[in-house]
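S.K.: Okay, predicted coordinates and the sequence, questions at the end:
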Amino acid sequence: MIARNGSARKAGPQGMGKNPMPVAVRNLTKHWPGAERPVFSSLDIDCPAGGITIIVGPSGCGKTTLLRCLSGLETPTSGSILFGKQDVTQVDSQHRGVAMVFQNYALYPTKTVFENIAFPLRMARLDPQSIRTRVRAAAALTRMEPYLDRYPAQLSGGQRQRVGIARAIVRGPAVLLMDEPLSNLDTKLRIEMRAELGALQRQIGSTTVYVTHDQTEALALADHLIVMRDGRIEQQGAPEDIFTSPANTFVADFLGSMNLVDVTRSEDRVFVTSGAVRLDGLPKAPLSPMFRLGFRAEDVQLGPVDGEKATLPVTVRRSELMGSERLVHMECGGLALRARLKEVVRPDDRLELHIPAGALHYFDETGKRVAGAV
Amino acid sequence: MTQSIDTTRARLVAGGTHLALAAGAVFMLLPFWLMLRTSFTAPDQVFAGNILALSDFSLENYRRVFAEVPLLRYYLNGIFVVTAIFIGQVIVCVPAAYALSRLRFSGREVGLWLVLAAMMVPYHATAIPIYVLLSRFGMINTHGALILPFIGSAFSVFLLRQFFLSIPQSVFESARLDGASSLRTLMHIVFPMARPAIVTFGILSFVSHWNDYFWPSFVLRNDFAATVPFGIVKFLDQELGADYGPQMAAATLTVLPLLVGFLIAQRQLIAGIAMTSGQVD
């Protein structure tokens, strides 16, 4: 076995990344020749130095193209990309100091794990001694030291992606790009690798831009979160802020699939628009005649609630056991709603749902968040 | 009860299948056996007795062939020609296929169409223009006449291109981000990955050019560059006439290198024909 000696660890985890720098995108547009509309247009993004910026959105929102523009594999139509103070828009991908982790790992199947990780260093014509040292350091960080002699085909999916990550970090890139790195793994492994990846990124300290369509991954890992749809940024900021006050119904639905109910106000009463079901409460609700009410499945309660609350009459349709609690599908005036409940309920039960005032979100007719709640 | 009927039926089906396959095997192997049997039978015994049985073992035919035919020269010519064609094809076709599958440049589509068009034309149709070219360059009767026309093989380019398309784009992108130029990507990533494909077209190229009789008989007038099949046929016509014993011995000697090669490289060969990029995901 090559790895396993102490000297490898001395080169160790710290200081693999060079001093991290912020990554910024100014007024960036990408338009494929002949396409009807741009993939994205006039994007402005700021990724904090040394942190993980996650770009999340449904497929086709332009997030991967944006990442490829950052890597230099695609050229943007207009606008600029800044690494620190340097404008790298016209800099070739090989000179940007970026490394990328791919969804399908993109390992070199004819090379061993060691040679896969060493490849960027060999291309940079480093001397064999420092190649060995740095490959072992990267392998130690990704816990791949025992497997340096194996070929990619002899590894599990999680191990392959570790090799992909080790190869990306071995050069100590200023900017680390990840394109759905966990999407090819099964659920259990994905959660494990997610935690590992977060810890690893802290150790390396490279500015990281990470693309995913998985909202749990986004919330779990992000220092800075960007939600995209159809080539536009719907919201960006700290993940907690976005989760607790989504800027619009799209973000509310995409991150944590919020229940959304169209509400009509006539005089001093409010109804569910589709079924004319009367709603009680709605503290701090907007005064406009039409608006949307949002609440998350986990904020719903059946028992008595202290303080201000909203109350909805619903009929249970289906109940799915999720472990310690149940995901209950319900109907209110023809609308499908979801709630996470501890109580056992049966189909066709009629219930009253209570949502505490602090958990209510209001949006106007166009879907924009209305101030007043929370 | 039903189970025993089922087993009986399964046995019958299996038996029938084996019988049909055995008949096919006899049909394919019999000529081969006849060739071997005739080559090892003394010339005056070829038509005596049971024509299928090897009753009278003799190496007389081989002795005559080795004594009268410059066989070593033909072998060396054959090996030289076939190897040179293969190396030339690798040097020309791998980069061409890589460019046609993975590089972006104007004229790529046209290039691909030209390759496809070239595949559609049988080489007998272009034989005469090529002959004229070769004779203008004074290459008739030389090894070059046997090698040069086959180096730019449209079939190999196409085969390799299809293979390269099966390698995910991300592998090439990853190599680029890792700092490899197109040439280094070709040398360090593409060549090693393309080994199964190169083995496949190498085998096809080896076999077809080793056995080729048409082209040597078209561009050669003497023994100087003669490959095995051409040399032997030419020699047999002149010296041995309708003497089946030496003819069959010569034929056996022609296929022998291919057979030995096949036995040595059997696994590699099957893997090559069931070609995969070995890419894991």
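M.R.: Perfect, thanks for sending it. Numbers count the residues shown, from 1 in each chain, chains lettered A, B, ... in the order given.
S.K.: use CA for all of it now, contacts and neighbours both
M.R.: OK.
S.K.: Can you say which helix or strand has residue 79 in it?
M.R.: Picked chain A for this. A:Gly79 is part of strand A:78-83 when elements are defined by DSSP states H and E.
S.K.: could you do chain B instead?
M.R.: Using DSSP H and E, B:Ile79 falls in helix B:71-102.
S.K.: List the buried residues in stretch A:292-302.
M.R.: By neighbour count on 16 or more other Cα atoms under 10 Å in any protein chain shown, the buried set for stretch A:292-302 is A:Arg292, A:Leu293, A:Gly294, A:Phe295, A:Arg296, A:Ala297, A:Glu298, A:Asp299, A:Val300, A:Gln301.
S.K.: Equivalent analysis for stretch A:231-250, please.
M.R.: Per 16+ other Cα under 10 Å, stretch A:231-250 contains these buried residues: A:231-237, A:239, A:242, A:245-250.
S.K.: Stretch A:78-92 too?
M.R.: Within stretch A:78-92, the residues that qualify as buried are A:Gly79, A:Ser80, A:Ile81, A:Leu82, A:Phe83, A:Val88, A:Thr89, counting by 16+ other Cα under 10 Å.
S.K.: List the beta-bridge partners for the residue nearest to the third one when sequence neighbours are not counted.
M.R.: Right, the one you point to is A:Ile81. Nearest residue to A:Ile81 in three dimensions, chain neighbours excluded: A:Val25, at 4.6 Å (Cα to Cα, 6 or more residues apart in numbering or on different chains). Beta-bridge pairing of A:Val25 under DSSP bridges involves A:Ile45, A:Ile81.
S.K.: could you list every residue that touches A:Val25?
M.R.: Residues counted as contacts of A:Val25 (Cα atoms under 8 Å, 6 or more residues apart in numbering or on different chains) are A:Leu43, A:Asp44, A:Ile45, A:Asp46, A:Gly79, A:Ser80, A:Ile81, A:Leu82.
S.K.: now, which of those residues sits nearest chain B?
M.R.: Closest approach to chain B among the contacts of A:Val25 (Cα to the nearest Cα): A:Ile81, at 17.2 Å.
S.K.: That closest one is in contact with A:Leu70, isn't it?
M.R.: Yes: here A:Ile81 reaches A:Leu70: they are 7.0 Å apart, a contact under Cα atoms under 8 Å.
S.K.: Which secondary structure state does A:Leu185 sit in?
M.R.: coil (DSSP: H, G, I helix; E, B strand; the rest coil).
S.K.: dump the residue contacts of it.
M.R.: Listed by Cα under 8 Å, 6+ apart, the contact partners of A:Leu185 are A:Gly157, A:Gly158.
S.K.: what's the pLDDT at it?
M.R.: A:Leu185 is assigned a predicted lDDT (pLDDT) of 87.
S.K.: May I have the phi/psi pair for it?
M.R.: Geometry field for A:Leu185 lists phi and psi as phi -100, psi 160, criterion degrees, to the nearest 10.
S.K.: circling back to that earlier point, between the buried residues of stretch A:231-250, which is nearest chain B?
M.R.: The shortest approach to chain B among those belongs to A:Gly231, at 22.8 Å (Cα to the nearest Cα).
S.K.: who's in contact with that closest one?
M.R.: With contacts defined as Cα under 8 Å, 6+ apart, the neighbours of A:Gly231 are A:Pro38, A:Val39, A:Phe40, A:Ser41, A:Cys61, A:Gly62, A:Lys63.
S.K.: cool, and B:Ile232?
M.R.: Going by Cα under 8 Å, 6+ apart, B:Ile232 touches B:Val69, B:Leu71, B:Ala250.
S.K.: Please render these as TSV that adds pLDDT, neighbour count and distance to A:Glu352 to the earlier fields.
M.R.: As requested, the contacts of B:Ile232 are exported to TSV (pLDDT from 0 to 100; neighbours: other Cα atoms under 10 Å in any protein chain shown; distance: Cα to Cα, whole Å):
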residue	pLDDT	neighbour count	distance to A:Glu352
B:Val69	81	16	103
B:Leu71	85	19	99
B:Ala250	84	26	97
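S.K.: Would you mind giving those residues as TSV with distance to chain A added?
M.R.: TSV is the format used below for the contacts of B:Ile232 (distance: Cα to the nearest Cα, whole Å):
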residue	distance to chain A
B:Val69	46
B:Leu71	41
B:Ala250	42
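S.K.: Let me know the pLDDT of A:Ala373.
M.R.: In this model, A:Ala373 is scored at 42, pLDDT.
S.K.: Next: A:Val25.
M.R.: What the model reports for A:Val25 is a pLDDT of 95.
S.K.: B:Val280 too?
M.R.: Among the per-residue scores, B:Val280 shows a pLDDT of 39.
S.K.: Quick one: mean pLDDT over the host helix or strand of B:Gly202.
M.R.: Secondary structure assignment for B:Gly202, by DSSP H and E: helix B:195-211. Across helix B:195-211, pLDDT averages out at 85.
S.K.: If you count neighbours, what's buried in that helix?
M.R.: For helix B:195-211, using 16+ other Cα under 10 Å, the buried residues are B:195-203, B:205-206, B:209-211.
S.K.: returning to that earlier point: next one: the helix holding B:Ile79 to chain centre, how far?
M.R.: In terms of Cα atoms, centre = their mean, to the nearest Å, the centre of helix B:71-102 is set 12 Å apart from its chain centre.
S.K.: ok, now how distant is the residue nearest to A:Ile81 from A:Lys85?
M.R.: As for A:Val25, its distance to A:Lys85 is 12 Å (criterion: Cα to Cα, to the nearest Å).
S.K.: Run through the residues of the stretch 101-250 of chain A sitting next to chain B.
M.R.: Applying Cα under 8 Å from any Cα of the partner chain, one finds that the stretch 101-250 of chain A approaches chain B through A:102, A:104-110, A:119-120, A:123-124, A:152-153, A:157.
S.K.: what two of the residues you listed are the furthest from one another?
M.R.: Within these, A:Ala124 and A:Gly157 form the most distant pair, 27.9 Å apart (Cα to Cα).
S.K.: Tell me which of those two has more neighbours.
M.R.: When A:Ala124 is set against A:Gly157 and neighbours are counted by other Cα atoms under 10 Å in any protein chain shown, the residue ahead is A:Gly157, at 20 against 13.
S.K.: Now flag whichever of the buried residues of stretch A:78-92 is closest to A:Pro173.
M.R.: Relative to A:Pro173, the closest of these is A:Phe83; by Cα to Cα it sits at 11.9 Å.
S.K.: What are the neighbouring residues in contact with that closest one?
M.R.: When contacts are counted by Cα under 8 Å, 6+ apart, A:Phe83 touches A:Met21, A:Pro22, A:Val23, A:Ala24.
S.K.: coming back round to it: going by distance to A:Glu343, which of the contacts of A:Gly231 wins?
M.R.: Each of those was checked against A:Glu343 using Cα to Cα; the closest is A:Cys61, at 38.6 Å.
S.K.: Chain B - how does it break down into domains?
M.R.: According to automatic domain parsing, chain B is divided into the following domains: B:2-63, B:70-276.
S.K.: Now render the ones you listed as CSV, adding distance to A:Ile204.
M.R.: Listed next are the domains of chain B as CSV, based on distance: least, Cα to Cα, whole Å:
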stretch, distance to A:Ile204
domain B:2-63, 63
domain B:70-276, 18
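S.K.: Among the ones you listed, which comes closest to A:Val170?
M.R.: When the domains of chain B are compared by Cα to Cα, domain B:70-276 sits nearest A:Val170, at 10.3 Å.
S.K.: quick one: the closest one to chain centroid distance?
M.R.: Counting by Cα atoms, centre = their mean, domain B:70-276 comes out at 8 Å from the chain centroid.
S.K.: which phi and psi does A:Arg162 have?
M.R.: Per-residue torsions, A:Arg162: phi -60, psi -40 (degrees, to the nearest 10).
S.K.: burial measure for it, as a count.
M.R.: Per other Cα under 10 Å, the neighbour tally for A:Arg162 reads 24.
S.K.: how far away is it from chain B?
M.R.: When distance is defined by Cα to the nearest Cα, to the nearest Å, A:Arg162 is 13 Å away from chain B.
S.K.: Could you find the closest non-adjacent residue to that residue?
M.R.: A:Thr142 (5.7 Å).
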